[in-house]
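>>> my questions concern the predicted model and sequence given below.
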Amino acid sequence: MELVHCNPPWFLSLHFKMAYTQIFAVVVLGFAACSAFVLQTHKINKIGSTSLHAGFGKQILKTDAGVIDTIDETKDCMCRSGSSYKDCCKPFHTQESWPDSIEQMVRSRFSALAYKIEPKYMQITTHPDHKEFVSADRKGKLSKWTKGLKQFAEDYDFMDLAFDELNNELQTEDTGVISFSATIKPTELDKKEEDLKEVSTFKKVDGKWLYYEAEVSNPFKGQTRPEPKSNRMITTKRRAGNSQ
């Protein structure tokens, strides 16, 4: 018996084509949705890894996922207070709280440099009348200030911090003077530690202590090597005797 090959009805072929088209469209849309989700997740992670989006004034982001979240908060804080980072400077760096005393402010700024946290913490704790302060609307100068602070933190390891015993006698209601010594070491090989002595003035603005000015005395006494390129101290003050 002869077999006769029969084509399916035209409407059935059309039905199959439409079904294939719909399946293809679903696959394409699914792939696009997955890609959009991955891209959005990447953006969120990228934002989270940007350090201290605190800005000047209103807090935008509380955590510094790029640096702060990698710090072992159970270990002693690098401000040398003897307390753990969690119970010491972390709440200041994340802006969950503000230093109550001048000593706490100095410690928090020192540890911000020691942990190499984004420079914005140093900036928001600087008094607007400080000669190096730059407001947020001056983008070019703000970028230069930020780069200078970041370079200073990268150029040194911040080893030790100690305060004079008479600091409490040098404070009024809204102005305080504090003296301290800091030991820092250049990150370059074969460089010696440097002992800095600083007397800093802080003033209150809206109830918050802010760094106002400082005098740094003989930070490189007895050393014959050239002064490092970075000239910003713990309080961002230029070194005494620097003519630049």
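Alright, I've got the coordinates. Numbers count the residues shown, from 1 in each chain.
>>> then the helix or strand where Val216 lies to PDB, C-alphas only?
Assigned by DSSP states H and E, Val216 falls within strand 208-217. Extracted as PDB, the C-alpha positions of strand 208-217 are listed here (Å, rounded to 0.1, in the frame of the first residue of the first chain):
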ATOM      1  CA  LYS A 208      29.700  69.400  68.400                       C
ATOM      2  CA  TRP A 209      33.500  69.700  68.800                       C
ATOM      3  CA  LEU A 210      35.300  70.500  65.600                       C
ATOM      4  CA  TYR A 211      39.000  70.900  64.900                       C
ATOM      5  CA  TYR A 212      39.800  74.600  64.600                       C
ATOM      6  CA  GLU A 213      43.600  75.000  64.500                       C
ATOM      7  CA  ALA A 214      46.900  73.500  65.700                       C
ATOM      8  CA  GLU A 215      50.600  74.100  66.300                       C
ATOM      9  CA  VAL A 216      53.000  71.300  65.600                       C
ATOM     10  CA  SER A 217      56.400  71.600  67.300                       C
END
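>>> pull out the buried positions in that strand.
Taking 16 or more other CB atoms under 10 Å as the basis for neighbour counts, the residues of strand 208-217 that come out buried are Trp209, Leu210, Tyr211, Tyr212, Glu213, Ala214, Val216. Where C-beta positions appear, they are placed from N, C-alpha and C, glycine not excepted.
>>> next, please give the residue ranges for the helices of this protein.
Shown for the chain, the helices assigned by DSSP state H span residues 10-48, 90-93, 102-114, 120-124, 139-155.
>>> what mean pLDDT does the third one have?
Within the predicted structure, the mean pLDDT of helix 102-114 is 96.
>>> helices and strands around it, which ones?
For helix 102-114, the elements it packs on are helix 90-93, helix 120-124, strand 156-163, strand 175-186, strand 194-205, strand 208-217, judged by 3 or more CB pairs under 8 Å, 6 or more residues apart in numbering; DSSP states H and E.
>>> sounds good, over and out.
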